[in-house]
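Peer 1: Please find the sequence and the predicted model below.
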Amino acid sequence: KNLVEAFGAGEGVLQGNHKIAAYYKSPENEIFIGGEDGFNYFFPDKVSPQQYPLKVFNTSIQIADSLIMISGKVDLSLPGEYSTVAPNYLTVDLNMAGFIQYRYKLIGFDTGYVYAGRQRQARYTNLPAGNYSFVAEASLSGNTWYASNQPLEFTIAQVFWKQWWFILLIAVLAISAVYS
């Protein structure tokens, strides 16, 4: 299996300039790699990446000019004029923060996941009226994804000029104006 795993300071690997010719493989298959600050040594068959679930949090949502902070389960009802939303999300991992990748999906609008890289905000404009559920996921490897336990749920109401009763009222007024 041809697999390349990258390890950094979070796994205890010395950082700095590693010299191209400063490596050695012992008869016992132990590898030594020299750098400016010392050397790393390990047995490749005993190296296993640390796997642990990432916790993803929906932290806030920006609606128009207001930022609403979120903690726990949230179910928002928005008037139809507020059809632009920007949910914010994050994962707390102090060792591997630079390697965390994100993707998200707005159920009720997106047909698949949007891969956001290291970006921690999604933005949706001109959403039609309806029920939505925003789910953010995080990954270290790009293979295993961990979703937020609390999806952000919100409803955007229909604007009054698209309601059936308003359309009927305009039609009646138009017909009345034509026949009077």
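Peer 2: Structure received. Residues are numbered from 1 along each chain as shown.
Peer 1: which other helices and strands contact the helix or strand of the chain with the lowest mean pLDDT?
Peer 2: When the helices and strands of the chain are compared on mean pLDDT, DSSP states H and E, strand 18-25 comes out lowest with a mean of 78. Packing partners of strand 18-25 (3 or more Cβ pairs under 8 Å, 6 or more residues apart in numbering; DSSP states H and E): strand 31-35. In short, each C-beta sits where N, CA and C put it, glycine included.
Peer 1: And the very next helix or strand once past the strand it packs on, what's buried?
Peer 2: Per DSSP states H and E, strand 31-35 leads on to strand 38-42 as the next helix or strand towards the C-terminus. Residues of strand 38-42 classed as buried: Asn40 (neighbour count, 16 or more other Cβ atoms under 10 Å).
Peer 1: again, but for stretch 144-159
Peer 2: The neighbour-count check on stretch 144-159 (16+ other Cβ under 10 Å) flags Trp145, Tyr146, Ser148, Pro151, Leu152, Glu153, Phe154, Ile156 as buried.
Peer 1: what bridges to Val74?
Peer 2: In this entry, Val74 is beta-bridged to Leu152, by DSSP bridges.
Peer 1: now do Ser139
Peer 2: Beta-bridge partners of Ser139, counted by DSSP bridges, are Gln101.
Peer 1: Give the pairing partners of the least confident helix or strand of the chain; include direction for each.
Peer 2: Going by DSSP bridges, the partners of strand 18-25 are strand 31-35 (antiparallel).
Peer 1: Quick one: residues in contact with the partner strand.
Peer 2: 14-19, 22-26, 39-44 (Cβ atoms under 8 Å, 6 or more residues apart in numbering).
Peer 1: do the same with stretch 87-96
Peer 2: With Cβ under 8 Å, 6+ apart as the test, stretch 87-96 has contacts from 10, 54-62, 100, 102, 104, 120-122, 134, 136, 138, 140, 146, 148, 152.
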